[in-house]
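> have a look; sequence and predicted model below, questions after that.
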Amino acid sequence: MQKAWETKEDTMGKIKVTTCQIEGLRVIEPTVFGDDRGYFMETYNYNDFKEAGIDVEFVQDNQSSSRKGVLRGLHFQINYPQDKLVRVVSGEVFDVAVDLREGSATYGQWYGVVLSAENKKQFFIPKNFAHGFLVLSDHAEFTYKCTDFYHPNDEGGLIWNDPDIGIQWPVPEGMELIFSEKDQKWGTLRDLKK
C-alpha cells in the first residue's frame, strides 16, 4: 500500500491541525509560549480538540521508555478499540498508524510522522488503526492518552514489515532493530482479513 502524503493544515484555538489523505488521522502542534526561562504549552484542551473535530473522552494515560532501535508495534485492540493521542516528551520516534477500518477507502494504508521533544507534535489516531513506532534517538519517552482501558486479552497486531502495507521505516544504516518476542510473531494484513 502507498503512504498517504497529502496533508492539509488548519489553525484552531491554540493548536495547529494537519490532516492527511487517511480520514481521521491528525497531527497536532500546540502553541508554545517561550522565553529565556523555558516554555509553556497546553498539551491537551478539550475545547480546542473538539473544535478540531476530535470530540472524545480519554480514560487512561500511558508512558513508555525505549532505547534507540526499539520498534514497538503494530498494535491494536480487537473488541475494545482505542482512540489515541500520542507524543514524545524526551527523544525522537517515527510514529505510524495503519488504517484497519472495514470498508474504508484507505484500508491497509499507512501514515507516519516524526514526533520529538523538540518539535512537540502530537498524533491523533482514531479507533481501528494499528499503531507502532521506531525510536530514532538514543532514548525516548513516549506518552499516550487512550479512550478505552487496556484489555490484555484483547491484543491484536500486524508484523512491522508486512510487504502489503509497505511502511517505509527510516532505519539508518547500521541501526539494529530491537523487538519484543510478541512483536516478531504478529501476522500480516492478509492473515487479518482471513
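Yep, it's here.

> following the lowest-mean-pLDDT helix or strand in the chain, which helix or strand shows up next?
In the chain, the helix or strand scored least confidently by mean pLDDT, DSSP states H and E is strand 7-12, which has a mean of 50. Toward the C-terminal end, the helix or strand that comes next after strand 7-12 (DSSP states H and E) is strand 15-20.

> export that next one as PDB, just CAs?
The C-alpha coordinates for strand 15-20 follow below in PDB (Å, rounded to 0.1, in the frame of the first residue of the first chain):
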ATOM      1  CA  ILE A  15      -3.400  24.300  18.100                       C
ATOM      2  CA  LYS A  16      -2.400  23.800  14.500                       C
ATOM      3  CA  VAL A  17      -4.000  20.700  13.000                       C
ATOM      4  CA  THR A  18      -2.700  18.800  10.000                       C
ATOM      5  CA  THR A  19      -4.800  16.200   8.300                       C
ATOM      6  CA  CYS A  20      -3.800  13.700   5.600                       C
END
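
> surely residue 45 is in contact with residue 14?
Yes - judged on CB atoms under 8 Å, residue 45 makes contact with residue 14 at a distance of 6.7 Å. For every residue, glycine as well, the C-beta is placed using N, CA and C.

> spatially nearest residue to residue 60 (excluding sequence neighbours)?
residue 146 (4.6 Å; CB to CB, 6 or more residues apart in numbering).

> which stretches in the chain count as strands?
7-12, 15-20, 26-30, 32-35, 38-41, 60-67, 71-77, 84-90, 92-99, 110-116, 122-125, 129-135, 139-146, 155-157 (DSSP state E).

> want to throw those strands into CSV with mean neighbour count and distance to residue 186?
Listed next are the strands of the chain as CSV, based on neighbours: other CB atoms under 10 Å; distance: least, CB to CB, whole Å:
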stretch, mean neighbour count, distance to residue 186
strand 7-12, 12, 28
strand 15-20, 19, 24
strand 26-30, 21, 25
strand 32-35, 10, 37
strand 38-41, 10, 35
strand 60-67, 13, 18
strand 71-77, 22, 7
strand 84-90, 21, 18
strand 92-99, 24, 12
strand 110-116, 21, 15
strand 122-125, 25, 18
strand 129-135, 25, 9
strand 139-146, 19, 19
strand 155-157, 16, 4
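
> fine, thanks again, bye for now.
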